[in-house]
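Colleague: Predicted model and sequence below, questions to follow.
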Amino acid sequence: MKLDDRKFMILRTIIDDYISTAVPVGSRTISRKHGVGFSPATIRNEMSDLEELGYLAQPHTSAGRVPSAKAYRLYVDHLMRAYKLSDEDMRRINDHLKVRVGEVEDIIRSAAQALSDATNYTALVVAPHVDTLRIKRVQLIPVTEGSALMIIVTSAGLVKDAVVRVPEGIRSDLLYSISEMLTEQLSGLTLGEMRGRFAGMFRDLKEHRRLLASVLDVMENRLHEEPEEITVGGPSNLLAYPEYADIEKARTFLSVLESREKLYPLLRQSGAMEFTIRIGPENDLPELSDCSLVTAVYRIGTSSTGTLGILGPTRMNYGRVISVLEFMGKALSSLLPGDD
């Protein structure tokens, strides 16, 4: 049995209605929709065929049907209508992002809040990974007699810090001089490109090889392997939807938001793809089997990418979500220019 134009039309109408109402859709509801033009009897037959094909399910004994994950996949791939953001939508998003230039953490927090407000779902924002960012400045600040705080300012003002070991006898003024040298030698490089520069610094500063080795170790290992923080906006938004009225289901969802190590791989799987949509079981997390995750990339320069995500019920308004993510991606890319 194949999907013909009539089945496509009826399925799209059912999905559109269920996205809006969360109420199982019956044949009479569909027949009353503008432009359908089929009798309830004809629609019932088509709905039975769609159920047999795995696109609809009947959750109760009522005549109403609900879309399956398979139906939503077909919908986003072939049936979804384009959604245009209103001027008011765009103004509200831009208002969220009006923070002081250079305060990247504030921009990312504001972006997460703007996304959650614009969609009424849960928003997730990940900064570009540190190993794709270009170094702008390195500073070593004494903390204790044997340690210093290394601060690395990267593209667009993103800051990473870590504690490095400092050999005995190195004064604060010497740390300042070494900081200036590190900045001069490493500025404009990514963490993946800077190893070659250290060979020359080891040669020129033989007496401080232990300190340079400690700096290199932190840059190459701890900072490189450290996952970026996930900023969450509207974590409780989904609890307002009937799908999450069950306390156990709500608790499970909130526990996933707290387990960032589970979310991070999902958000990073998008790679260089502009958009990814994972529906229900496609998320590979049992806790998200009733959720959809839509992700998009934003760029800092030409090589650094961060991730935006929207987590919502499988009946989310996909067209609007994609439009919001697209607008936010462009806004962040303009607010966080790179140095490539």
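Modeller: It's in.

Colleague: and residue 139, what does it touch?
Modeller: Contact analysis of residue 139 by CB atoms under 8 Å, 6 or more residues apart in numbering lists 150-151, 153, 179, 183. In this view, the C-beta of every residue, glycine as well, is placed from N, C-alpha and C.

Colleague: quick one: which of the residues you listed has the most company?
Modeller: For these, the largest number of neighbours (other CB atoms under 10 Å) sits with residue 150, at 23 neighbours.

Colleague: Helix or strand: which one has it?
Modeller: strand 147-154 (DSSP states H and E).

Colleague: average pLDDT across that strand?
Modeller: On average, the pLDDT along strand 147-154 is 90.

Colleague: what does it contact?
Modeller: 130, 133-143, 159-166, 175, 215, 218-219, 223.

Colleague: Sort out which one of the contacts of residue 139 lies nearest residue 268 for me.
Modeller: Ranked by distance to residue 268 (CB to CB), the contacts of residue 139 are led by residue 153 at 23.4 Å.

Colleague: Give the buried residues for stretch 2-19.
Modeller: 7, 9-19 (16 or more other CB atoms under 10 Å).

Colleague: out of the residues you listed, which are inside helices?
Modeller: 7, 9-19 (DSSP state H).

Colleague: Filter the contacts of strand 147-154 down to the buried ones and express that as a ChimeraX selection.
Modeller: Command for ChimeraX, covering only those of the contacts of strand 147-154 found buried under the criterion 16+ other CB under 10 Å:
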select :130,133,134,135,136,137,138,139,140,160,162,164,166,175,215,218,219,223
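
Colleague: and stretch 122-141, how far out from the chain's middle?
Modeller: 15 Å (CA atoms, centre = their mean, to the nearest Å).

Colleague: and the end-to-end length of that stretch?
Modeller: The first residue of stretch 122-141 is 38 Å away from its last residue (CA to CA, to the nearest Å).

Colleague: Stretch 203-212 too?
Modeller: By CA to CA, the extent of stretch 203-212 from end to end equals 11 Å.

Colleague: In this protein, what residue spans correspond to strands?
Modeller: Under the criterion DSSP state E, the chain contains strands at 56-57, 66-67, 122-126, 135-144, 147-154, 159-165, 230-233, 275-279, 291-300, 304-313.

Colleague: Parallel or antiparallel, which strands does the last one pair with?
Modeller: Strand 304-313 has these partner strands in its sheet, going by DSSP bridges: strand 122-126 (antiparallel), strand 291-300 (antiparallel).

Colleague: cool, and the first one?
Modeller: Using DSSP bridges, strand 56-57 pairs in its sheet with strand 66-67 (antiparallel).

Colleague: Averaged pLDDT, the strand it pairs with. What do you get?
Modeller: pLDDT averaged over strand 66-67 gives 96.

Colleague: Need the residues that contact it.
Modeller: Strand 66-67 has contacts (CB under 8 Å, 6+ apart) with 11, 14-15, 18, 24-25, 55-59, 75, 314-315.

Colleague: Can you turn the buried part of those into a ChimeraX selection?
Modeller: Command for ChimeraX that selects the buried part of the contacts of strand 66-67, burial taken from 16+ other CB under 10 Å:
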select :11,14,15,18,24,25,55,56,75,314,315
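
Colleague: Can I get the contacts of strand 66-67 in TSV including distance to residue 242?
Modeller: Output for the contacts of strand 66-67, formatted as TSV (distance: CB to CB, whole Å):
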residue	distance to residue 242
11	22
14	17
15	17
18	12
24	12
25	15
55	22
56	19
57	16
58	17
59	12
75	20
314	13
315	10
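
Colleague: can I get the contacts of strand 66-67 in CSV with distance to residue 288 and pLDDT?
Modeller: Converted to CSV, these look like this (distance: CB to CB, whole Å; pLDDT from 0 to 100):
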residue, distance to residue 288, pLDDT
11, 24, 95
14, 23, 95
15, 20, 96
18, 19, 95
24, 23, 93
25, 24, 93
55, 21, 97
56, 22, 96
57, 19, 93
58, 24, 88
59, 20, 83
75, 19, 96
314, 10, 95
315, 14, 95
